[in-house]
Every structure is written in structure tokens, then in C-alpha cells.
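*Asks:* Any chance you could fold what I've pasted below:
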Amino acid sequence: MSSTTPSTAVTRTILRAEGFSCPSCVAKIEKQVGRLAGVSAVTVQFASSRIEIDHDPQVVGVEALIAAVAKAGYASTAAAF
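*Replies:* Residues are numbered from 1 along each chain as shown. Okay, the predicted model is just below:
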């Protein structure tokens, strides 16, 4: 008996955020984005204002990630690098 399980491809999306003023911003964003279904890891680089998110694009898209950062109180955009 064989079973077919869909492969879960994890994508790394990098966002550039604006408005970081203190290191506590990092925890707030990581907590908010980390709550999303499909997100497996969130790393916020305070010094460079980068947010690196490992997620399943079939479960959560870039727009939802940006919206989660906005819900934490910070504007962000998808970055090419």
C-alpha cells in the first residue's frame, strides 16, 4: 500500500521593516509573525531591519506576512535580498 503525501516546500521570505527603535521590537514582530499557520521560523535582524521568515507558501503568503508585521506596528516590504 502506498500513500502519497504532498511535499511541503519551505520558502524563505525576506522583508525589510521600518520604524525599529529598540530591541524589544524584535520580540514583538517574531511573536506576531510566528503565530501564523505555515510559519516555521522567524528571525529579525535589528541592526539591518531584516525579517527572515521560513514558511510554507501554500499555507501563508507574503501579503499575510506583511500584514502580521503591520499588526505588530511596523511597516514592511518584500525584499529582493
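
*Asks:* centroid residue for this protein?
*Replies:* A centroid search over the chain (Cα atoms, centre = their mean) returns residue 53, at 3.6 Å, as the residue closest to the centre.

*Asks:* Help me confirm that that one is found in a strand?
*Replies:* Yes. Using DSSP: H, G, I helix; E, B strand; the rest coil, the assignment for residue 53 is a strand.

*Asks:* partner residues bridging it?
*Replies:* In this entry, residue 53 is beta-bridged to residue 13, residue 42, by DSSP bridges.

*Asks:* Give me the pLDDT value at it.
*Replies:* We have a pLDDT of 97 for residue 53.

*Asks:* what's it in contact with, if anything?
*Replies:* By Cβ atoms under 8 Å, 6 or more residues apart in numbering, the contact set of residue 53 is 12, 13, 14, 15, 33, 39, 41, 42, 43, 65. Just so you know, the C-beta spots here come from the backbone N, C-alpha and C atoms, and that holds for glycine as well.

*Asks:* Going through those residues, which ones are buried?
*Replies:* 13, 15, 33, 39, 42, 65 (16 or more other Cβ atoms under 10 Å).

*Asks:* and the first one, how far is that from residue 58?
*Replies:* In this case it means residue 13. Going from residue 13 to residue 58 by Cβ to Cβ, to the nearest Å gives 13 Å.
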